[in-house]
Each structure stands twice: as structure tokens, then as C-alpha cells.
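Student: no sequence on this one, just coordinates:
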Ligand SMILES: NC(=O)C1=CN([C@@H]2O[C@H](COP(=O)(O)OP(=O)(O)OC[C@H]3O[C@@H](n4cnc5c(N)ncnc54)[C@H](OP(=O)(O)O)[C@@H]3O)[C@@H](O)[C@H]2O)C=CC1
Ligand SMILES: O=C(O)C1=N[C@H](C(=O)O)C[C@H](O)C1
């Protein structure tokens, strides 16, 4: 397939290497707003840029009927608008806060654990995410997805909060440290014990492989999708 990379930073470079090894053709590598000209007629756009520019980048691509896989986090207050644009243009859009297979399995485990724990209010739930110091948004998109998975399965909660410490109920504590690719933990703490589930990314390859699998999957489809559709065939 012909891929246009919109956002050619840390993720763009790794996706370029892995996609090329898989036999795909990278037809554009952009660190600027995409246009019909500079996109160079791709089958699909993979968008990993930054929270300020992602909305406009995705909109331009969808309006030109090019399917978009978006990994950029920190712009989700406008996701519903993008989903409408995808439908209006009969195009296809997939956002993933985290494309790695491991984290998508971790999302499923998190929901199952949240459901199991929903009647045990003696356990306080907290989330922690650790990322490299270059990261622009906090909390991470992955931590937000984990919190949403808990809210969906436990009616004690209707919102998460970014917190300065690891104390508050459904608080997310965001740590920025060296070059950490991404570590996420969910803690259930009682007076007498603690249950912890944790995912640690060793590098960015898992994110890149997942984004390419999503790009291969979305070609020829229209509508709005998630990694659940790609990996587990459900919404
Ligand atoms: N969903 C997932 O699995 C993952 C998501 N992410 C997310 O992806 C995003 C990118 O991460 P990462 O690659 O590490 O970040 P980088 O900062 O390394 O790369 C972002 C790139 O976007 C470029 N850029 C700036 N303006 C524009 C524009 N208008 N249009 C297109 N590109 C532009 C930047 O160029 P310049 O430097 O010249 O400004 C830079 O090269 C972040 O939001 C991050 O949280 C990251 C990893 C995994
Ligand atoms: O900025 C990053 O690096 C990452 N961002 C994503 C997020 O915000 O969850 C995914 C991954 O953790 C790496």
C-alpha cells in the first residue's frame, strides 16, 4: 500500500522503517499541513504529529477521501467533529490512543478487572503513567483510555482527574522521566493490600507495527473505527 506519513518525528521515522521492510511504499513524509499535492496520492495516511495540529491534518485528509489512522493524543475534545467529517465524506477514520497489541490486550484486562472489582469499594483505584520528557500532553492518551475503561465498568465513577500525587480516587498521576517509551499501571489499594496491573513498552516498535496493521485493515472501508475492530472485531 502507499502510505503518507503526516508527522515525521519519532513515530513517523519508525513507521517508515517497518512499513518499508514489510514492502509498503511511503509516498510522503510531512512535518507540515497536508495538501492534496504534498500527500502524493496515498492509499492511507498515518498521522502522528502533535495535539495542536492533528485536528486540521485529519480534516484535510478525510475531506480528500483519504482514510486516516491517527495516533496523536491530546486533541480528543474535537474527536466527535472528526467522526462527523469522516461520515459526511464517506471516508474512514481510526484513532488509537495506543496501537501496540500488548496495550490493547491490557485495555481488555483492565476492563475485566474493573468489572470484577466494581462491588468492592474498600479498594481505591489509581492510575500512573510514565513517559519521556519530550511528551507534550498529560495525562497520556493511554491512561485516559484506561480510566474510561474503568468508568464504563464501575458506576461509582463518572470522571477521571489529573493529580499531583497517587492518592485520589480515579486520579491519574503523570510522571515525565528520561526517555521512557511508555509505562502504565492501574492500582487497587485497600487498607490491607494492593492489586497492580502494569504494561511496560520496551521501545516504540509495538506502536508502529499496530499502526501499520490498522492502515492495512482500513483500506476500502468507510466509517469510524477503533483498534478493537482491527484486533478483536468488535466496537
Ligand atoms: N497511539 C500511539 O500508539 C502512540 C501515540 N503517540 C503520540 O503520537 C504523537 C507524536 O509522537 P512522536 O512521534 O513521539 O512526536 P514527535 O514530536 O517526535 O513528532 C511529531 C512530528 O510532528 C511534526 N509536525 C509539526 N507540525 C506539524 C504539522 N502541522 N503537520 C504534520 N506534522 C507536524 C513535528 O515536526 P517539527 O519537529 O518540525 O515541529 C514532528 O516531527 C504524540 O501525540 C504522541 O503522544 C506516540 C507514540 C505511540
Ligand atoms: O507520547 C508518547 O510517546 C506516547 N503516547 C501515547 C499516549 O499518550 O498514550 C502512547 C504511548 O504511551 C507513547
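Tutor: Sure, I can see it. The structure displayed is predicted, hence computed values, not measured ones. Ligands and ions are numbered 1, 2, ... in the order given.
Student: Provide the secondary structure category for the residue of the chain most remote from its centre.
Tutor: Distance from the centre of the chain peaks at residue 192, with 34.3 Å (CA atoms, centre = their mean). What DSSP: H, G, I helix; E, B strand; the rest coil gives for residue 192 is coil.
Student: relative to residue 92, how far out is it?
Tutor: Counting by CB to CB, to the nearest Å, the gap from residue 192 to residue 92 is 49 Å. Placement of C-beta: from N, CA and C, glycine included.
Student: tell me the pLDDT of the residue farthest from the centre of the chain.
Tutor: Looking at residue 192, its pLDDT is 98.
Student: got the contact list for the nearest residue to residue 140 once chain neighbours are set aside?
Tutor: Leaving aside its chain neighbours, residue 140 sits nearest to residue 129 (4.5 Å; criterion: CB to CB, 6 or more residues apart in numbering). By CB atoms under 8 Å, 6 or more residues apart in numbering, the contact set of residue 129 is 139-140, 142-143, 172-175, 182-185.
Student: so residue 129, which state does it fall into?
Tutor: strand.
Student: return the set of buried residues in stretch 167-175.
Tutor: 168, 170-174 (16 or more other CB atoms under 10 Å).
Student: what lies in contact with that stretch?
Tutor: By CB under 8 Å, 6+ apart, the surrounding residues in contact with stretch 167-175 are 124-131, 138-140, 143-144, 147, 150-151, 157, 159-166.
Student: so who does the most centrally placed residue in the chain touch?
Tutor: The centroid of the chain falls nearest to residue 97 when counting by CA atoms, centre = their mean (1.0 Å). Neighbour list for residue 97: 71, 73, 140-142, 144-145 [criterion: CB under 8 Å, 6+ apart].
Student: closest to residue 58 out of those?
Tutor: For those, the closest approach to residue 58 (CB to CB) belongs to residue 71, at 11.2 Å.
Student: just give the nearest non-adjacent residue to that closest one, would you?
Tutor: residue 48 (4.7 Å).
Student: same question, residue 156
Tutor: residue 121 (6.5 Å).
Student: how about residue 92?
Tutor: In space, and not counting its chain neighbours, residue 92 is closest to residue 67: 3.9 Å by CB to CB, 6+ apart.
Student: the one you found contacts residue 214, correct?
Tutor: No - between residue 67 and residue 214 there is no contact under CB atoms under 8 Å: 9.8 Å.
Student: returning to what we had before: let me know the closest of the buried residues of stretch 167-175 to ligand 2.
Tutor: The closest of those to ligand 2 turns out to be residue 174 (CB to the nearest ligand atom; 9.7 Å).
Student: what separates the closest one from residue 140, distance-wise?
Tutor: Distance of residue 174 to residue 140, computed by CB to CB: 7 Å.
Student: again with residue 212
Tutor: Noted for residue 212: a distance of 21 Å to residue 140, by CB to CB.
Student: partner strands of the host helix or strand of residue 187 and their direction?
Tutor: Using DSSP states H and E, residue 187 sits within strand 183-189. Looking at strand 183-189 with DSSP bridges, its partner strands are strand 124-131 (antiparallel), strand 194-200 (antiparallel).
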